[in-house]
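Engineer: Sequence and predicted structure are below.
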Amino acid sequence: MKKIERLMKLTLTNILFLLRHGRYYLLIIAILFISNSFPHESLANKTLSDTFVSIVKSTKAPVVNIRTTKILKNNIQNKGFRIKGQGSGVVYNKNGLIVTNKHVIKNAGEIIVRLYDGSEYKAEIVGTDERSDIAVLRIDAENLIPARFGNSDSLELGEIVLAIGNPVGLGQTVTSGIISAKGTSNLQITGFEDFVQTDATINPDSYGGPLVNMNGKVVGISTLLPEQTAGYFGISLAIPINVVHKIAGDLIKHGRITRGWLGVTAQPVTRELQKALGLKTDLGALVSDIEPGSSAANAGVKSGDVIIKYNGKKIKNLLHLRSLVKGTEINKEVEMTVLRDGLELILNTVILEAKKSEAKSKNDLFRNLGLAVQNLTGKLSINLGYKDEKGVIITNVQQGSPASKAGLTTGDLIVEVQHKPVTSSDELYQAILKIQNEEDILIFIKRPDKASKFIILKQEKDV
């Protein structure tokens, strides 16, 4: 009996060592070994359960509940009523700074932060970032217990994580899963394209809460799923904590976001381009133009180069490159690898801050896209077969333009842009202007034959 007890103590010591050093694959082997060695003790299950309990206890204080209210006017009774919402957040530092999702506090009239001990504080907004869905709040409290933060760049596929939230009335909620993907992109959520994907179920009330590794460190902030994945199980998203640090740091220090700028116009490497250029894969971003005086120009990037690695990371696609560049600290020296004439070249440069693009006129913007549009009037809607519909009618599409390449045709009715309704050419202009040079435009159209579809209208990318 004493021999068995000594073996159990030795095994538990080894498991704790593996947990502290992040050796998860060895941990699983150890647990399987224990299961076979002590079939009647359920020691493996107890060890893993105790580990989860320990992590949850250690993150109890830093995870907060966020409750919001918005007062709307009732024109009939001339009274107001409140719409309530809630989510979760993470204590960022001991001086009262809280990190959460921007959508959790969007349009809020009042924001209340509830701590783990039940105390409540009114919060003020330090700053928000639409692109990453990150918001920083401040409450008048000191000596808070901040979360411990990990390194999201070191996450491995298959790594065990816990998603933790703090919905009001329920206290702490916890779900578990694994890292199922990194650098998830092409979701058209906010323009940010470098998510951590997990199969841990994340409820809406837990959005803004932490994704925690087995060392009890926050590696991501949970965020909402795009509409097109609604109903899919096993898909949840988190913003990598390294990105959160960059965004939160900018908001706290500058009150705004500073975004890196490489200074190239680039395009995806299609199968056709891959074949034409003799490339082994379709990964990377093909450079078509370089801005004079930019970081790319200073590095010696040339038109025709394919950027395949940036700051130590392999480039999956154009959106991935853009996310990495825009998340780079200003004036930081980075190393890039480009393919030129079949050879890999290593180039170094210092990243500059993105320029603020000048707003184009409505006519210029539509002309660049190859579109002519008109408001859908009552008479026109009947003549074109769009009775009782709302949107913007396309009256002409220029051959060879981005609109033509996307498959738009004369007579199409633009109903939504980025999942938001548009009912006039002015609304269409403003919707596109918000994402000008930022991301491809997701358009939902209807046609006279009652068909409807989503279309991606590609813009030239200034990275």
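Structural biologist: Cool, the structure landed.
Engineer: and the gap between the residue nearest to residue 305 when sequence neighbours are not counted and residue 328?
Structural biologist: Spatial nearest neighbour of residue 305, excluding adjacent residues (Cβ to Cβ, 6 or more residues apart in numbering): residue 338 at 4.2 Å. C-beta: built from backbone N, CA, C; applies to glycine. Look at residue 338 and residue 328: by Cβ to Cβ, to the nearest Å, they are 17 Å apart.
Engineer: go on, residue 410?
Structural biologist: Remark: distance between residue 410 and residue 328 (Cβ to Cβ) = 42 Å.
Engineer: Between these two, which is the more surrounded one?
Structural biologist: For residue 410 and residue 328, the more surrounded residue by other Cβ atoms under 10 Å is residue 328, and the numbers stand at 22 against 10.
Engineer: How about the contacts made by the more buried one?
Structural biologist: Applying Cβ atoms under 8 Å, 6 or more residues apart in numbering to residue 328 gives the contacts 260, 311, 334, 351.
Engineer: tell me the contacts of residue 427?
Structural biologist: 392, 421.
Engineer: Let's verify it: helix, strand, or coil?
Structural biologist: With DSSP: H, G, I helix; E, B strand; the rest coil as the basis, residue 427 sits in helix.
Engineer: Likewise for the one 4 residues further on?
Structural biologist: Here residue 431 is recorded as helix under three-state DSSP.
Engineer: distance of it from residue 152?
Structural biologist: 31 Å.
Engineer: Who has more neighbours out of these two?
Structural biologist: residue 152 (25 against 19).
Engineer: how does this structure divide into domains?
Structural biologist: Following automatic domain parsing, one finds the domains of the chain at 2-58, 63-255, 260-353, 362-462.
Engineer: Can you lay out the ones you listed as JSON lines showing mean pLDDT?
Structural biologist: Formatted as JSON lines, the domains of the chain follow (pLDDT from 0 to 100):
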{"stretch": "domain 2-58", "mean pLDDT": "57"}
{"stretch": "domain 63-255", "mean pLDDT": "83"}
{"stretch": "domain 260-353", "mean pLDDT": "88"}
{"stretch": "domain 362-462", "mean pLDDT": "83"}
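Engineer: May I have stretch 440-454 as CSV, with CA atoms only?
Structural biologist: In CSV, the C-alpha atoms belonging to stretch 440-454 read as follows (Å, rounded to 0.1, in the frame of the first residue of the first chain):
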residue,chain,number,x,y,z
ASP,A,440,-13.0,43.9,-49.1
ILE,A,441,-16.6,45.0,-49.2
LEU,A,442,-19.2,42.4,-48.4
ILE,A,443,-22.4,43.2,-50.3
PHE,A,444,-25.8,41.5,-50.2
ILE,A,445,-27.8,42.0,-53.4
LYS,A,446,-31.2,41.0,-54.8
ARG,A,447,-32.2,40.5,-58.4
PRO,A,448,-35.4,40.9,-60.3
ASP,A,449,-35.8,37.1,-60.6
LYS,A,450,-36.0,37.0,-56.8
ALA,A,451,-32.5,35.5,-56.5
SER,A,452,-30.3,36.9,-53.7
LYS,A,453,-26.6,36.4,-52.9
PHE,A,454,-23.6,37.8,-51.1
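Engineer: residues of it that come out buried?
Structural biologist: Residues 440-446 are the ones in stretch 440-454 that count as buried (16 or more other Cβ atoms under 10 Å).
Engineer: go on, stretch 131-149?
Structural biologist: 131-139, 141, 144, 146-147, 149.
Engineer: Just flag the most distant two among those residues.
Structural biologist: Pairwise distances across the buried residues of stretch 131-149 (Cβ to Cβ) peak at 28.8 Å, for the pair 131 and 141.
Engineer: number of nearby residues for residue 293?
Structural biologist: With neighbours defined by other Cβ under 10 Å, the count for residue 293 comes to 10.
Engineer: For it, grab phi and psi.
Structural biologist: phi 80, psi 0 (degrees, to the nearest 10).
Engineer: What of residue 342?
Structural biologist: The phi/psi pair for residue 342 (degrees, to the nearest 10) reads phi 80, psi 0.
Engineer: Can you tell me, leaving aside adjacent residues, what's nearest to it?
Structural biologist: For residue 342, ignoring the flanking residues on the chain, the nearest one in space by Cβ to Cβ, 6+ apart is residue 278 at 6.8 Å.
Engineer: if I look at that neighbour, how far off is residue 269?
Structural biologist: Distance of residue 278 to residue 269, computed by Cβ to Cβ: 12 Å.
Engineer: can you check residue 379 too?
Structural biologist: For residue 379 relative to residue 269 (Cβ to Cβ), the value is 47 Å.
Engineer: and if you look at residue 444?
Structural biologist: 28 Å.
Engineer: do the same with residue 258
Structural biologist: Separation of residue 258 from residue 269 (Cβ to Cβ): 29 Å.
Engineer: Mind listing what's buried along the helix or strand containing residue 365?
Structural biologist: Using DSSP states H and E, the element containing residue 365 is helix 362-369. Residues 362, 365-366, 368-369 are the ones in helix 362-369 that count as buried (16+ other Cβ under 10 Å).
Engineer: from these, which is closest to residue 425?
Structural biologist: The shortest distance between residue 425 and any of the buried residues of helix 362-369, using Cβ to Cβ, involves residue 362 and amounts to 7.1 Å.
Engineer: isn't the closest one right up against residue 426?
Structural biologist: Yes: with contacts counted by Cβ atoms under 8 Å, residue 362 reaches residue 426, the gap being 7.5 Å.
Engineer: for residue 385, what are its contacts?
Structural biologist: Counting by Cβ under 8 Å, 6+ apart, residue 385 makes contact with 448-449.
Engineer: same check, this time on the one 4 residues further on
Structural biologist: For residue 389, the contact set (Cβ under 8 Å, 6+ apart) comprises 376, 381, 413, 415, 446.
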